[in-house]
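Participant: Have a look at this fold, sequence not included:
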């Protein structure tokens, strides 16, 4: 199974498990859109997680209004 197909299957399984856990009604057409959005979010998380940081980097300060 290709890597993309495996990820899609994992996202579909996760989506189905969450709908059961949260007792949410989910139409099959909606499921495909949710899986597409999850795939996009996963790619964005990879970009952030793969960004190299120096060990000496300090966290950004918090600003409060």
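Facilitator: The structure has been received and is ready for your questions. Small disclaimer: the values here were computed from a predicted structure and weren't measured.
Participant: alpha carbons only for contacts and neighbour counts from here, please
Facilitator: Will do.
Participant: Tell me where the chain has strands.
Facilitator: Counting by DSSP state E, no segments of the chain form strands.
Participant: got any ranges where it has weak pLDDT?
Facilitator: 1 (pLDDT under 70).
Participant: Longest helix of it, counting residues only.
Facilitator: As assigned by DSSP state H, the longest helix anywhere in the chain is helix 28-49.
Participant: For it, list every residue counted as buried.
Facilitator: 34-35, 38-39 (16 or more other Cα atoms under 10 Å).
Participant: Could you save those as JSON lines and add columns showing distance to residue 9?
Facilitator: What follows is the buried residues of helix 28-49, written out as JSON lines (distance: Cα to Cα, whole Å):
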{"residue": "34", "distance to residue 9": "13"}
{"residue": "35", "distance to residue 9": "9"}
{"residue": "38", "distance to residue 9": "12"}
{"residue": "39", "distance to residue 9": "11"}
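Participant: The longest helix of the chain - contacts with which helices or strands?
Facilitator: With contacts taken as 3 or more Cα pairs under 8 Å, 6 or more residues apart in numbering; DSSP states H and E, helix 28-49 sits against helix 3-21.
Participant: which strands and helices sit next to the helix it packs on?
Facilitator: Short answer (3+ Cα pairs under 8 Å, 6+ apart): helix 3-21 packs on helix 28-49.
Participant: The helix it packs on to helix 3-21, inter-axis angle?
Facilitator: Comparing the axes of helix 28-49 and helix 3-21 via axes from the mean of the first three to the mean of the last three Cα atoms, to 10 degrees yields an angle of 120 degrees.
Participant: what's the distance between the nearest residue to residue 26 once chain neighbours are set aside and residue 47?
Facilitator: Closest residue to residue 26 apart from its sequence neighbours, by Cα to Cα, 6 or more residues apart in numbering: residue 19 at 7.0 Å. According to Cα to Cα, to the nearest Å, residue 19 and residue 47 sit 27 Å apart.
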